[in-house]
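[1] Provided below are the primary sequence and the corresponding predicted coordinates.
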Amino acid sequence: MFTYNHTTVSRLPPMSEENEAEGPYAVVMAPTRVLAQQIEEETNKFAKHLGIRVVSIVGGQSIEEQGFRIRQGCEVVIATPGRLIDCLERRYPVLNQCNYAVLDEADRMVDMGFEPQVMGVLDAMPSSNLKPENEDEELDEKKIYRTTYMFSATMPPTVERLARKYLRNPVVVLWLQRLLNELGDRTSIVFVNTRKNADNVAKNLDKAGYHVTTLHGGKSQEQREISLEGFRTKRYNVLVATDVAGRGIDIPNVAQVINFDMHGSIDTYTHRIGRTGRAGKTGVATTFLTLSDSDVFYDLKQMLIQSNSTVPNELARHEASKFKPDRSSVLRCQIVGSLLSDRWFFVVRLLVLRCQIVLLQSEKGDNHIYSAQLPKDMS
């Protein structure tokens, strides 16, 4: 949550006297006052260095004073939905230029009965900045669309309704589970970029009932050996690993490699997918990409072309895939939790045969390229 808050705040321009009356650029909603105040505290750690003003709107404090602070001008509002809707009804703030909305613990807000208030706040934002349902229309128009982040530990029907109404082409973590389910008891390696993300992904998969273990630099050598032995003997059929710990892994019959986080180096990417499809066997490599991975778009596109694989439309038409980036002038920022970042993602799915990438096709010849939308079985 805080990672995406940092990403959002870093994009906001300082507010001028001319547009202060149009309201904040971003609204963050949390179910409780305590959580909202924690988010405010963390946000202020970097917002103050950027000249970004943050105002919290929560219960237990004077609503008149909070309204006064909003009217003085702020770029970010962090609030509980009940108090925020009260302020909107009193016309303390307006949301005429709000292009970023963050819903933290959306399922909990719904459980606490705040669904009408959440919808009321989102409906108070201008509909003119919603992205078109058609991605081609989005790419043709040069304008800023509203970005909505929804964080939810579960996806009950009520939360799914919110996602369908307010998100455009939403991406859910269930994609990872779907890929694992396709293979049944066969083994999969899930690569991430940080040990923290490895633990988070493994924790979520464990809760979902998968037999999962981790391999990263935070583990002792003995712990790593136990994890590897458990994976080899199929006591665990999912291994979540970082590149540092994953170097030199030689495990036969790995059916699938999933790049949950894309690496910034195409060489590392090649080494990762080489963990499957060994000794003459076939395997599947699946990669999740977001806009934050644009530095590698060119190299990935060239690799797909050279291996006679179909290049996904989203990659082929993206500007970053048309020119090789100047590595000396690029400051790369890895974003944790790739599935939920930015506005779209696509998955490049490849069949690996003896470490050579070839195109995976169904019996009808359809490419296994996933679009960024909710799985059909969630409807």
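    Received the coordinates, thanks.

[2] give me the low-pLDDT residue ranges for this protein?
    For the chain, applying pLDDT under 70 flags the ranges 1-12, 127-144, 153-155, 168-174, 245-246, 248, 279, 291, 326-379.

[3] next SSE after the helix ranked longest in it?
    The longest helix of the chain (DSSP state H) is helix 33-47. On the C-terminal side of helix 33-47, the closest following helix or strand by DSSP states H and E is strand 54-57.

[4] so what does that next one touch, helix or strand wise?
    Judged by 3 or more CB pairs under 8 Å, 6 or more residues apart in numbering; DSSP states H and E, the packing partners of strand 54-57 are helix 33-47, helix 63-71, strand 76-79, helix 81-89. C-betas here are computed from N, CA, C, even on glycine.

[5] can you redo these as JSON lines with distance to residue 193?
    Listed next are the helices and strands packed on strand 54-57 as JSON lines, based on distance: least, CB to CB, whole Å:
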{"stretch": "helix 33-47", "distance to residue 193": "21"}
{"stretch": "helix 63-71", "distance to residue 193": "38"}
{"stretch": "strand 76-79", "distance to residue 193": "27"}
{"stretch": "helix 81-89", "distance to residue 193": "33"}
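
[6] can you redo the ones you listed as JSON lines with mean neighbour count and distance to residue 99?
    Putting the helices and strands packed on strand 54-57 into JSON lines (neighbours: other CB atoms under 10 Å; distance: least, CB to CB, whole Å) gives the following:
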{"stretch": "helix 33-47", "mean neighbour count": "17", "distance to residue 99": "16"}
{"stretch": "helix 63-71", "mean neighbour count": "16", "distance to residue 99": "17"}
{"stretch": "strand 76-79", "mean neighbour count": "28", "distance to residue 99": "12"}
{"stretch": "helix 81-89", "mean neighbour count": "20", "distance to residue 99": "17"}
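
[7] Select, out of these, the one closest to residue 284.
    Among those, the nearest to residue 284 by CB to CB is helix 33-47 (38.3 Å).

[8] Restricting to C-alpha, output the closest one in CSV.
    Written as CSV, here are the backbone C-alpha positions of helix 33-47 (Å, rounded to 0.1, in the frame of the first residue of the first chain):
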residue,chain,number,x,y,z
ARG,A,33,-9.1,6.2,11.8
VAL,A,34,-5.9,4.3,13.1
LEU,A,35,-5.1,3.0,9.6
ALA,A,36,-5.8,6.4,8.0
GLN,A,37,-3.4,8.1,10.4
GLN,A,38,-0.7,5.5,9.8
ILE,A,39,-1.0,6.1,6.0
GLU,A,40,-0.9,9.8,6.6
GLU,A,41,2.3,9.4,8.7
GLU,A,42,4.0,7.3,6.1
THR,A,43,2.9,9.6,3.2
ASN,A,44,4.2,12.7,4.9
LYS,A,45,7.7,11.2,5.2
PHE,A,46,8.2,11.8,1.5
ALA,A,47,5.4,14.3,0.6
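
[9] tell me which strands and helices it is in contact with?
    helix 2-10, strand 26-29, strand 54-57, strand 76-79.

[10] The last one pairs with which strands, and in what direction?
    Read it as strand 76-79. In the sheet, strand 76-79 lines up against strand 26-29 (parallel), strand 54-57 (parallel) (DSSP bridges).

[11] That one: how far from the chain's middle?
    Relative to its parent chain, strand 76-79 has a centroid offset of 21 Å by CA atoms, centre = their mean, to the nearest Å.

[12] which of the residues in stretch 107-120 are buried?
    By neighbour count with 16 or more other CB atoms under 10 Å, stretch 107-120 contains the buried residues 107, 108, 109, 110, 114, 115, 117, 118, 119.

[13] Closest one of those residues to residue 272?
    residue 107 (32.7 Å).

[14] That closest one reaches residue 152, doesn't it?
    Yes: the criterion here is CB atoms under 8 Å, and residue 107 meets it with residue 152 at 4.5 Å.

[15] so where do the strands sit in the stretch 251-379 of the chain?
    In the stretch 251-379 of the chain, the strands defined using DSSP state E, counting those that start in this stretch lie at 254-259, 282-290, 345-353, 356-359.

[16] for the first one, packing partners?
    In other words, strand 254-259. On the basis of 3+ CB pairs under 8 Å, 6+ apart, strand 254-259 makes packing contacts with helix 174-182, strand 187-191, helix 266-273, strand 282-290.

[17] who touches the shortest one?
    Under the criterion CB atoms under 8 Å, 6 or more residues apart in numbering, residues 176, 179-180, 201, 231, 234, 237-243, 246, 249, 251, 253-261, 263, 272, 275-276 lie in contact with strand 187-191.

[18] Can you turn the buried part of those residues into a ChimeraX selection?
    A single ChimeraX command selects the buried members of the contacts of strand 187-191 (16+ other CB under 10 Å):
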select :176,179,180,201,231,237,238,239,240,241,242,243,246,249,254,255,256,257,258,259,260,261,263,272,275,276
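
[19] sorry, back to before: out of the helices and strands packed on strand 254-259, indicate the one that is most buried.
    Mean neighbour count (mean count of other CB atoms under 10 Å) peaks for strand 187-191 among the helices and strands packed on strand 254-259, with a mean of 24.
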